[in-house]
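*Asks:* after the sequence you'll find the predicted model.
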Amino acid sequence: MTDKTPLTVIGLGPMGQAMVSRFLDAGHPTTVWNRTPARADALVARGAVRADTAADAVAANRLVIVSLTDYAAMHDILDGVDLAGRVVVNLSSETPDKTVKAAAWLAERGAELLVGGVMANAEMVGHPAA
Ligand SMILES: NC(=O)c1ccc[n+]([C@@H]2O[C@H](COP(=O)([O-])OP(=O)(O)OC[C@H]3O[C@@H](n4cnc5c(N)ncnc54)[C@H](OP(=O)(O)O)[C@@H]3O)[C@@H](O)[C@H]2O)c1
């Protein structure tokens, strides 16, 4: 049992993988989902929980971090998923107009959007230099 916030990460490109690795280092129970399942293998071996579907990944935790190429991918993945009560943190690099539209899209589904822009490369995630 840990007092660290449990969370879900959707999207395991270089950036998502780096973030999950740091979350595991810090002891956060972390559920992961990626369109290409094999990209989760090394993280699951380190203790991440693999969700079979994006819906299962969202159901697992209130805090859902999204690290995808763009917001179109988020819409592809989350359309039709029950998002009620979720806090979705989208760290994809995107334009302000798409961010504003995504906030409204999530609000219609009972979820909240928090947005961040990553100003580091994957190797720097969790490093003091970042
Ligand atoms: N890498 C960096 O150094 C860096 C630095 C600053 C900011 N960023 C930003 O951070 C975000 C993530 O970076 P990244 O390098 O990890 O990006 P990436 O390589 O583009 O990551 C792609 C991820 O998005 C998934 N994806 C893309 N389109 C999808 C779709 N239609 N349906 C389902 N999954 C889809 C991919 O799944 P598959 O594995 O199945 O292809 C993969 O998990 C991007 O917005 C990027 O601009 C990255």
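*Replies:* Received the coordinates, thanks. Numbering: from 1, shown residues only.
*Asks:* for the rest of this, base every contact and every neighbour count on C-alpha atoms.
*Replies:* Will do.
*Asks:* around the ligand, pick out the residues from this protein.
*Replies:* 11-16, 34-36, 67-70, 73, 76-77, 91-93, 118-122 (C-alpha under 6 Å from any ligand atom).
*Asks:* swap the cut-off to 8 Å and go again
*Replies:* With C-alpha under 8 Å from any ligand atom as the criterion, the chain comes near the ligand at residues 10-17, 34-37, 39, 67-70, 72-74, 76-77, 91-94, 117-123.
*Asks:* just the buried members of those?
*Replies:* The neighbour count (16 or more other C-alpha atoms under 10 Å) marks 10-13, 15-17, 34, 39, 67-68, 70, 74, 77, 91-94, 122 as buried among the residues of the chain next to the ligand.
*Asks:* which outside residues touch stretch 99-109?
*Replies:* Residues outside stretch 99-109 that contact it (C-alpha atoms under 8 Å, 6 or more residues apart in numbering): 71, 82-84, 112-113, 115.
*Asks:* just the buried subset of those, please.
*Replies:* 71, 83-84, 112-113, 115.
*Asks:* among these, name the ones in helices.
*Replies:* Using DSSP state H, the subset of the buried ones among the contacts of stretch 99-109 located in helices is Y71.
*Asks:* what is the nearest of the buried ones among the contacts of stretch 99-109 to the ligand?
*Replies:* Nearest to the ligand, judged by C-alpha to the nearest ligand atom, of the buried ones among the contacts of stretch 99-109 is Y71 at 8.1 Å.
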